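J.: quick one: sequence plus predicted model below, questions after.
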Amino acid sequence: MAMLPSDVPRDAVIVTRNLQREYDMGGEIVRALRGVDLTIRKNEFVAVMGPSGSGKSTLMNLIGCLDSPTAGEYWLNGHRVSELEDDELARIRNKEIGKRLTISEKTVKSHLNNIFRKLRVDNRFAVGLYSLDRDRERA
């Protein structure tokens, strides 16, 4: 097993170095991720944000061991998973991700309630309208 980089904190849960993912779309190469370096420590709460097409879903698929990177390295709980085969990734998903990286709906609602409490009533109304507008766009 490859060792974690020496600059990584001991309590790191997720570490990526130069993580890249490319897709061949009918002969055209789409570079979904271009060298992502990331360290997430135990008990950190992280949000992945960005515009459509910026690679959020691709990154989450790699972190969730649903896909493998084209280049770069990824460690999950000290295990280098970036070069594992599909059956090994399935074992990691079952053992590591299912138990440690899931967030309950109750937790998400609690965090959203905390955010909304800090907003004024008119801002909550505006956020609600924005959400409704986004739902109409998708329909």
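T.: The structure has been received and is ready for your questions.
J.: domain assignment for the protein?
T.: 12-102, 106-138 (automatic domain parsing).
J.: so for the shortest one, mean pLDDT?
T.: Put plainly, it is domain 106-138. Averaging pLDDT along domain 106-138 gives 56.
J.: ok so, going back, looking at the domains of the chain, which has the lowest confidence?
T.: The stretch with the lowest mean pLDDT among these is domain 106-138, at a mean of 56.
J.: which parts of this protein are helices?
T.: According to DSSP state H, the chain carries its helices in the segments 56-63, 86-92, 98-100, 105-118, 121-138.
J.: what does the first one contact?
T.: The contact list for helix 56-63, computed with C-beta atoms under 8 Å, 6 or more residues apart in numbering, reads 14, 16, 19, 21, 32-33, 36, 48-50, 67-69, 74, 76. Every residue, glycine included, has its C-beta placed from N, CA and C.
J.: tell me which of these is nearest to E96?
T.: Using C-beta to C-beta, L76 comes nearest to E96 of the contacts of helix 56-63, at 5.7 Å.
J.: report the contact partners of the closest one.
T.: 13-14, 63, 65, 92, 96-97.
J.: again, only this time at 7 Å
T.: Going by C-beta atoms under 7 Å, 6 or more residues apart in numbering, L76 touches 14, 92, 96.
J.: out of the residues you listed, which is nearest to G55?
T.: Of all the contacts of L76, G55 sits closest to I14, with 15.7 Å by C-beta to C-beta.
J.: kind regards, and thank you for your time.
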